[in-house]
Each structure stands twice: as structure tokens, then as C-alpha cells.
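Peer 1: Here is a sequence together with a model predicted from it:
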Amino acid sequence: MSLFGSDRLYTEVPLRTKRFRFRPLALILVPLAAILFQVYLPRFFEYLGYLELPLLVTVYFSLLRRQPAAGVFIGAGIGLAQDSLSHQPLGMFGIVKTLVGYFAGSVSMRFDVDNPIIQFVLSFFFFFFHQFFYWVLARALLGQAIDFSTQQTMVFGLLNAGVALPLFMVLDKMKE
């Protein structure tokens with residue numbers, strides 16, 4: 001059989017099953033603090049409006065659990081809670097964060113997501129995915145003509161990815 005045979009490709013990929021546990025109180029308080037930060041702090045400091053902390057918390061918990069199903073529930077819970085506390089239509093963040101949680105959980109099964117470079121790249125990618133898919137849903141479901149600036153989204157994605165690394169380090173301290 002050749003070096004690039006199909007059976008060799010599937011057997012060489014290590015299965016990532018290492019999962020961590022958080023205290024139940026941290027699983028509730030961390031997303032709630034991120035949502036409250038997202039909803040209320042930009043009212044006082046407009047320049048913090050670009051930070052999408054609920055998204056970063058969704059990505060972190062989904063990457064940490066290493067299960068797509070767990071990522072779905074994490075994303076749906078955080079997204080619906082964010083919808084209920086914000087002025088957005090109910091369900092928009094819920095749908096988008098559910099997809100982000102699913103894909104983050106799926107990616108974490110294949111890659112070593114403990115590496116800071118991979119965390120930076122994934123945070124940037126999922127921010128861009130989140131913004132793009134929110135734009136698609138707003139146009140398709142709500143009929144809103146929202147602008148999507150690729151350059152602005154990339155800059156904000158880099159800033160969010162830069163914030164994600166120290167945030168992930170702080171959240172790593174809360175693991176059991």
C-alpha cells in the first residue's frame with residue numbers, strides 16, 4: 001500500500017479525548033459576566049463595543065469540552081441568554097453561537113487546541129464566522145440591510161483574538 005493510502009490517513013490522526021471540568025458555579029458566572037460586559041459596558045465606553053466576550057467564552061468552553069454536542073448546548077445557552085439581555089431579536093445570537101459551539105467542538109477533536117497560536121487563529125476565524133453568519137441571518141430571516149465590512153471585521157477579529165489569549169489563560173486557572 002502506498003504511503004498516502006486512505007486507511008493510513010485515518011489511523012494516524014490522534015483522537016483528542018482529554019476533557020477538563022469546571023466548577024458548576026464558574027460555568028454559570030463566567031458566561032453571565034461576559035454577557036453583562038457585552039451588554040452594559042459599551043454604553044459607558046463605546047470603544048469596548050467591538051469585544052465579543054460571549055463568543056470568546058463560547059469558543060473556550062467548546063474547545064475545552066472537545067465534544068460537538070456539548071458545544072451546541074454551550075453556544076445555544078450563551079447565545080439565548082445574550083439575546084434575552086440585548087436589544088437584538090430573540091434567537092439571532094442563539095443560532096449563530098450554537099453553530100460556533102458545534103464547529104469549535106468539532107475542531108477541538110482533531111487539533112491540539114492548547115497551543116496559543118492555534119487558539120489565536122481559531123478565535124479570529126470564529127469571530128469572522130460569527131459576524132458573517134449573523135449578517136447572513138439578518139438579511140435572510142429579518143430582511144435587514146446590514147452592511148458587512150470585511151476589512152473592519154478582520155481588524156476586530158484580530159483584536160478579539162488578541163483579547164482571547166489572556167482571557168483563555170485566566171479561564172485556564174479555573175479548571176479542576
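Peer 2: That came through fine. Computed from a prediction, not measured in an experiment: that's the story for all the values here.

Peer 1: host element of the spatially most central residue of the chain?
Peer 2: Nearest to the mean C-alpha position of the chain, by C-alpha atoms, centre = their mean, lies Val59 at 2.9 Å. Assigned by DSSP states H and E, Val59 belongs to helix 53-65.

Peer 1: repeat for Ile78
Peer 2: Here Ile78 is assigned to helix 68-85, by DSSP H and E.

Peer 1: Let me know the angle separating that helix from helix 53-65.
Peer 2: 160 degrees (axes from the mean of the first three to the mean of the last three C-alpha atoms, to 10 degrees).

Peer 1: Are there helices or strands packed against helix 68-85, and which ones?
Peer 2: helix 24-44, helix 53-65, helix 92-110 (3 or more C-beta pairs under 8 Å, 6 or more residues apart in numbering; DSSP states H and E). In short, each C-beta sits where N, CA and C put it, glycine included.

Peer 1: could these go into CSV alongside distance to Ala161 and mean pLDDT?
Peer 2: Below are these laid out as CSV (distance: least, C-beta to C-beta, whole Å; pLDDT from 0 to 100):
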stretch, distance to Ala161, mean pLDDT
helix 24-44, 16, 88
helix 53-65, 9, 93
helix 92-110, 14, 93
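
Peer 1: Can you give me the pLDDT of the residue lying closest to Lys97 once chain neighbours are set aside?
Peer 2: Spatially, and ignoring its direct neighbours in sequence, Lys97 is nearest to Gly79 (3.2 Å; C-beta to C-beta, 6 or more residues apart in numbering). According to the predicted model, the pLDDT of Gly79 comes to 93.
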